[in-house]
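Engineer: Turn this into a model:
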Amino acid sequence: MRTCQLLLRSGLTVTAAVLPLVLTAGPAGAASGISVSTTGTTVSVTTSACSQNSTTGVWGTGSLLTSSQASFAEGRKATLAGTTVSQSAAWTNVTPGTYTVIVMCQNASTPAGTQSVIVSAAATPRATATASPSRGVMGGLGGAAKDYGPLTLGVGAGLVGTGVIATAWFLRRRAKPYRL
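Structural biologist: Prediction:
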């Protein structure tokens with residue numbers, strides 16, 4: 001029974017991890033020159049299709065369009081930044097819904113790529129009735145959990161040494177009964 005529950009949970013975890021990737025990577029993602037991803041309320045776009053303008057240093061611009069917007073100019077703009085290998089842009093605080101991301105390179109009149117993305121509402125964490133300790137059980141540490149200074153350790157070592165010497169002296173005197 002426990003093995004079945006474990007397999008069911010791991011299957012659900014894998015499904016939950018793969019489902020957003022399947023939803024965001026549609027057929028346009030494979031043919032497009034851009035890659036779009038979402039993390040919470042942030043939408044990110046990455047491309048390697050643009051080249052940098054030697055005079056302005058600009059790679060290009062990305063536009064995030066809602067379903068009611070039709071052209072690149074109407075969308076929320078973000079300037080691409082990066083290197084010759086990869087350029088990227090991001091939009092934060094995006095409300096849940098379906099969006100279209102269009103990337104225009106600085107030297108082209110046609111888009112480098114277009115891709116749709118779905119931003120879902122961020123899940124709010126809830127407290128559970130069977131919450132486990134965040135640091136686990138710290139059994140066996142006892143007094144070792146506190147860091148004592150060198151003075152305290154020196155005094156303790158002196159007391160232990162005095163006790164050992166006193167015990168040896170007492171046992172030696174006891175072994176010879178004719179001495180007082």
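Engineer: what sits up against the biggest strand by length in the chain?
Structural biologist: Ranked by number of residues, the top strand in the chain under DSSP state E is strand 97-105. In this structure, residues lying in contact with strand 97-105 by CB atoms under 8 Å, 6 or more residues apart in numbering are 33-34, 36, 43, 45, 47, 49-51, 59-67, 72, 75, 80, 89, 111-119. Glycine gets a C-beta too; all of them are placed from N, C-alpha and C.
Engineer: switch to 6 Å and redo it
Structural biologist: Strand 97-105 is contacted from outside by 34, 36, 45, 47, 50, 60-65, 67, 72, 111-118, using CB atoms under 6 Å, 6 or more residues apart in numbering.
Engineer: gap between the two ends of stretch 62-80?
Structural biologist: The first and last residues of stretch 62-80 sit 7 Å apart, counting by CA to CA, to the nearest Å.
Engineer: Tell me which residues of that stretch come out buried.
Structural biologist: Judged by neighbour count using 16 or more other CB atoms under 10 Å, the buried positions of stretch 62-80 are Gly62, Ser63, Leu64, Leu65, Phe72, Gly75, Ala78, Leu80.
Engineer: Where do the strands of the chain begin and end?
Structural biologist: For the chain, the strands defined by DSSP E cover 34-39, 42-47, 60-65, 76-79, 81-82, 87-91, 97-105, 113-119.
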